[in-house]
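Enquirer: got a structure for you, letters missing:
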Ligand SMILES: Cc1cc2nc3c(=O)[nH]c(=O)nc-3n(C[C@H](O)[C@H](O)[C@H](O)COP(=O)(O)O)c2cc1C
C-alpha cells in the first residue's frame, strides 16, 4: 500500500523552490534507476546528473523555459544508445559473465541471435528500442523519488537535438531521451499542487481477455524456444 500512497502523493511539479535534496536521497533515487530491468539486461542507457546552475540555465533555454530546470536541486538526463553493435552488446555481456564467473562465450548464441534481429530492424528501430528501455529506469526513479518525498517532474518538453549538442553527445553513441528535475514543490506558487489527480478509471483502463476474445489467426507455433539460445 505504501507505494500506492506515494504515487498518489507525487505529481508533475510545476514550481520548485530551489531547495537541495540530501545526497542520500539522490543516491537512493539513482540506485533505483540503476536497478531497473532492461531488454536482455543491456542497460542501453546512462544517467547524467547536473546541479551546475550555469549549465541548468542553458538547458532551460532548450526546454521551453520550464522553471523546474533551474529551480530543481538536480536534473537527471537519461541518454540511450543510438544503435546496437556487436561490440556494444559483447562488452556488456562480457562484464556480466565476469561478474557471474562464467566464460565470456556463455551467451554467444543468444547474443548473435539478438544482434541479427536488431540489425534486420534497422538503426532507427534500434535507437527507439534503447530509448524505450531508458523509460523503465526513468519510471523507477519517479517512484523512488515519491517514496523519498522528493518532488520530480517527468519531462519530454525539451529539444533533444539541441540538448545533445550542448552536452557534447554528438558522436558519443548516445542520445538524450527524457529528463527529470528533482527538488521540492513551491506549494504557494504551483497551480497543480492542489488539483485532484486525474487517471482513467479502472474499468476503462484494465481489460481482461479470454480465448473467446482472441482471433483465430492461424500462425504456426514458433519452432525455437528462447532456451535454444540461452542454454549452454
Ligand atoms: C514522458 C513524460 C513527459 C512529460 N513531459 C512534461 C513536461 O515537459 N513538462 C511538464 O510540466 N510535465 C510533463 N509531464 C508530466 C505529465 O503531464 C503528467 O505526468 C501527467 O499529466 C500526469 O499527472 P501527474 O504526473 O501530476 O500525476 C510529462 C510526463 C511524462 C510521463
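Expert: Nice, thanks for sending it over. Given the structure is predicted, the values throughout are model-derived calculations rather than measurements.
Enquirer: show me the residues around the residue of the chain found nearest the ligand that make contact.
Expert: When C-beta to the nearest ligand atom is the measure, the chain has its nearest residue to the ligand at residue 157, with 2.6 Å between them. For glycine as for every other residue, the C-beta is placed from the backbone atoms N, C-alpha and C. The contact partners of residue 157, by C-beta atoms under 8 Å, 6 or more residues apart in numbering, come to 63-64, 66.
Enquirer: try 6 Å this time
Expert: Contacts here follow C-beta atoms under 6 Å, 6 or more residues apart in numbering; on that basis residue 157 touches residue 64.
Enquirer: Helix, strand, or coil at it?
Expert: The three-state assignment at residue 157 reads coil, by DSSP: H, G, I helix; E, B strand; the rest coil.
Enquirer: Give me the neighbour count for the residue lying closest to residue 133 once chain neighbours are set aside.
Expert: What sits nearest to residue 133 in space, not counting adjacent residues and going by C-beta to C-beta, 6 or more residues apart in numbering, is residue 38, at 4.3 Å. Taking other C-beta atoms under 10 Å as the neighbour definition, residue 38 ends up with a count of 17.
Enquirer: How much space separates residue 38 from residue 18?
Expert: In this structure, residue 38 and residue 18 are separated by 33 Å, where distance is defined by C-beta to C-beta, to the nearest Å.
Enquirer: same deal with residue 83?
Expert: Where residue 18 is concerned, residue 83 sits at a distance of 38 Å (C-beta to C-beta).
Enquirer: The lowest-mean-pLDDT helix or strand in the chain - contacts with which helices or strands?
Expert: Ranking every helix and strand in the chain by mean pLDDT, DSSP states H and E puts helix 227-230 at the bottom, with a mean of 74. Helices and strands in packing contact with helix 227-230 are listed as helix 108-121; criterion 3 or more C-beta pairs under 6 Å, 6 or more residues apart in numbering; DSSP states H and E.
Enquirer: And the helix it packs on, what does it pack against?
Expert: Other elements packing on helix 108-121 under the criterion 3+ C-beta pairs under 6 Å, 6+ apart are helix 86-99, helix 227-230.
Enquirer: and that helix, which residues are buried?
Expert: 110-111, 113-115, 118 (16 or more other C-beta atoms under 10 Å).
Enquirer: Could you point out the longest helix of this protein?
Expert: For the chain, the helix with the greatest residue count under DSSP state H is helix 123-147.
Enquirer: Strands of this protein, start to end?
Expert: Counting by DSSP state E, the chain has strands at residues 45-50, 74-81, 151-152, 174-183.
Enquirer: most tightly surrounded among those?
Expert: Taking mean count of other C-beta atoms under 10 Å as the contact definition, the stretch among those with the greatest mean neighbour count is strand 151-152, which reaches a mean of 28.
Enquirer: how long is stretch 151-166 end to end?
Expert: Distance between the two ends of stretch 151-166: 26 Å, counting by C-alpha to C-alpha, to the nearest Å.
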